[in-house]
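Undergrad: Show me the folded form of this:
(one chain, ligands or ions: 1)
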Amino acid sequence: MEKITENITVDVKAECDVCVCGGGVAGIAAALAARRAGADVLLLEKSYILGGLATAGIVTIYLPLCDGFGNQVSFGIAEELLKLSVKYGAEVGLPEEWKNENPASVRAKAGRYQVRFNPHLFAIAAEQLLLSEGVRILYGTYACKTVSEEGRITHIITENKSGRNAVKIKKSVIDTTGDADICRLAGEKTRSHEKGNLLAAWYYYISDISNGDYKLNMLGFADIPDEQKTKEFFDNQLENGKRYSGLSGEELSLMIQNSHEKILSDIQKKRASGKPGLFPVTIPTTPQIRMTACLVGNTVLDCSAPFVNFDDSIGIVSDWRKKGPCYCIPFSCLYGKSVRNLITAGRCISVTDDMWDITRVIPDCAVTGQAAGQAAAMTSDFSSLDVRELQAALKENGVKLFF
Ligand SMILES: Cc1cc2nc3c(=O)[nH]c(=O)nc-3n(C[C@H](O)[C@H](O)[C@H](O)COP(=O)(O)OP(=O)(O)OC[C@H]3O[C@@H](n4cnc5c(N)ncnc54)[C@H](O)[C@@H]3O)c2cc1C
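TA: Model prediction:
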């Protein structure tokens with residue numbers, strides 16, 4: 001392939017203590033936690049909306065904060081964002097039983113501690129919250145390169161409407177791109193998801209404008225474990241199980257084009273079968289891709305050990321797919337071995353492929369985001385951070401760390 005060398009000098013247009021790269025749920029939680037811990041925080045987001053997959057990807061189910069038996073396990077910012085997501089109205093709100101101090105037996109009967117939010121209202125509420133707390137947000141801004149010195153990122157090179165510029169890093173960087181982009185750019189060890197992703201084409205429609213019947217159509221199922229796959233899974237599987245890695249611009253473009261085609265044919269099918277007045281009202285503006293690349297960190301968390309207390313736990317998450325199993329997340333699966341002031345959160349932390357399907361969901365992204373943000377405000381060398389101090393700060397901010 002022909003190659004050219006890009007050799008440009010850029011202006012250092014901004015500086016911050018903590019630079020959060022990616023404004024999905026993990027980035028929102030991370031920015032909030034870092035700011036509340038006293039850091040000057042700049043959040044870079046390549047699109048023009050906060051929330052990532054949860055909003056631009058219209059994945060609007062805030063999965064559970066509980067174990068399925070009425071016991072809440074995820075707290076802190078994970079719970080705060082769940083409530084924020086429905087602050088201006090919910091598509092499906094919290095069961096009454098979860099609003100009060102009811103015993104687990106009562107809560108369990110009412111279902112899990114989860115909600116369905118409206119993507120637009122959640123994005124606006126999150127933006128208002130971050131701005132009110134003093135987080136600076138730079139939209140339309142791609143974090144496209146890192147500059148390092150002696151094992152630390154000193155600058156993030158950005159690209160936006162103003163051109164190519166640099167952000168000076170005074171303390172640390174949080175990779176909440178969902179795809180471990182910053183880790184890869186900085187030379188930290190990453191790996192890609194082995195199987196790749198099935199096509200998804202979730203969209204909202206209104207089936208009859210006169211009566212306002214408004215629905216989320218979840219076209220394309222999650223790649224649940226084989227033993228949980230039912231006939232419904234295979235009936236709802238698009239493109240005969242074709243898979244996408246999500247790691248190339250060309251492939252992602254093809255993926256979103258294919259999802260558009262599926263949305264259109266689904267609409268036409270529904271119109272032909274008794275809903276002639278059906279219109280789509282929201283389609284995804286980002287590829288609905290679940291697992292692409294993640295950090296290979298100091299710990300690679302797997303799902304063989306539910307209910308294990310790790311010494312360096314930063315929070316607890318449940319398994320959204322079934323009642324019961326819950327997992328402590330160790331701090332050591334948020335950072336790697338090479339870049340001292342870089343930490344991850346959200347769907348690109350260091351886990352096995354099986355665990356990935358658990359930790360990638362919205363509440364888990366908020367749990368790891370809060371921990372990453374808190375830690376980023378405290379140090380510019382994650383491997384030498386006193387985990388007890390981090391845990392004390394998280395506990396003070398409402399997080400439950402151990403079983
Ligand atoms: C089809 C589908 C269905 C799902 N269903 C559910 C569900 O029902 N409930 C649930 O809880 N979870 C669900 N998930 C998973 C969940 O939505 C996501 O995994 C989670 O929201 C990821 O959050 P994140 O912040 O880690 O990453 P993302 O949401 O991917 O956010 C990353 C953000 O970073 C930005 N970004 C990326 N690269 C850069 C860069 N270089 N510079 C600047 N910005 C950048 C992106 O624009 C984006 O805003 C689903 C996912 C999919 C795809």
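Undergrad: So which bits of the stretch 51-200 of the chain are right by the ligand?
TA: The stretch 51-200 of the chain comes close to the ligand at residues 52-54, 57, 59, 61-63, 142-143, 176-178, 181, 200, as judged by Cβ under 6 Å from any ligand atom. For glycine as for every other residue, the C-beta is placed from the backbone atoms N, C-alpha and C.
Undergrad: and the end-to-end length of stretch 56-64?
TA: This stretch, stretch 56-64, spans 21 Å end to end (Cα to Cα, to the nearest Å).
Undergrad: Over to stretch 385-403?
TA: 23 Å.
Undergrad: For the closest residue to the ligand within the stretch 51-200 of the chain, which non-adjacent residue is spatially closest?
TA: Taking Cβ to the nearest ligand atom, the ligand has its nearest neighbour within the stretch 51-200 of the chain at Gly52, 2.3 Å off. Using Cβ to Cβ, 6 or more residues apart in numbering and skipping the chain neighbours, the partner closest in space to Gly52 is Gly24 (2.5 Å).
Undergrad: Same question for Arg360.
TA: Nearest residue to Arg360, sequence neighbours excluded (Cβ to Cβ, 6+ apart): Arg347, at 3.9 Å.
Undergrad: Likewise for Ile156?
TA: Ile156 sits nearest to Val167 (Cβ to Cβ, 6+ apart), 4.7 Å away.
Undergrad: and what of Lys242?
TA: Leu199 (6.5 Å).
Undergrad: The one you found is in contact with Glu261, isn't it?
TA: No: Leu199 lies out of contact with Glu261 (Cβ atoms under 8 Å); the separation is 9.9 Å.
Undergrad: the more surrounded of the two?
TA: Using other Cβ atoms under 10 Å as the criterion, Leu199 and Glu261 rank with Leu199 on top: 23 against 14.
Undergrad: Point out the residues in the stretch 201-350 of the chain that sit beside the ligand.
TA: Residues of the stretch 201-350 of the chain lying near the ligand (Cβ under 6 Å from any ligand atom): 202, 288-290, 346-347.
Undergrad: Closest one to the ligand out of the residues you listed, please.
TA: Gly346 (2.3 Å).
Undergrad: Contacts only, for the closest one.
TA: Contacts for Gly346 (Cβ atoms under 8 Å, 6 or more residues apart in numbering) come out as 22, 24-27, 176, 178, 360, 365, 368-369.
Undergrad: Over to Asn165?
TA: Counting by Cβ under 8 Å, 6+ apart, Asn165 has contacts 10-14, 157-158.
Undergrad: Could you list everything it pairs with in the sheet?
TA: For Asn165, the beta-bridge partners under DSSP bridges are Asp11, Thr158.
Undergrad: how near is it to Arg360?
TA: Asn165 sits 31 Å away from Arg360, going by Cβ to Cβ, to the nearest Å.
Undergrad: same question, Ile8
TA: Applying Cβ to Cβ, the value for Ile8 to Arg360 is 36 Å.
Undergrad: returning to that earlier point: I figured the residue nearest to Gly52 hits Leu53, correct?
TA: Yes: Gly24 is within contact range of Leu53, at 6.2 Å (criterion: Cβ under 8 Å).
Undergrad: shared neighbours of the two, which are they?
TA: Listed contacts common to Gly24 and Leu53 are Gly178; contacts here mean Cβ under 8 Å, 6+ apart.
Undergrad: Residues touching the longest helix seen in the chain, excluding its own?
TA: Criterion DSSP state H: the longest helix present in the chain is helix 249-272. Residues outside helix 249-272 that contact it (Cβ under 8 Å, 6+ apart) are 199-201, 203, 205, 207, 217, 219-220, 238-239, 244-246, 278-280, 283-284, 287-289.
Undergrad: same thing but at 6 Å, please
TA: 199, 201, 203, 219, 238, 244, 278, 280, 283, 287 (Cβ atoms under 6 Å, 6 or more residues apart in numbering).
Undergrad: distance of the fourth one from Lys270?
TA: Leu219 is 11 Å from Lys270, where distance means Cβ to Cβ.
Undergrad: The two - which one has more neighbours?
TA: Between Leu219 and Lys270, Leu219 has the larger neighbour count (other Cβ under 10 Å), namely 18 against 15.
Undergrad: how about the nearest residue to that one once chain neighbours are set aside, phi and psi?
TA: Spatial nearest neighbour of Leu219, chain neighbours left out: Ala201 (4.3 Å); criterion: Cβ to Cβ, 6+ apart. Main-chain dihedrals, Ala201, degrees, to the nearest 10: phi -150, psi 60.
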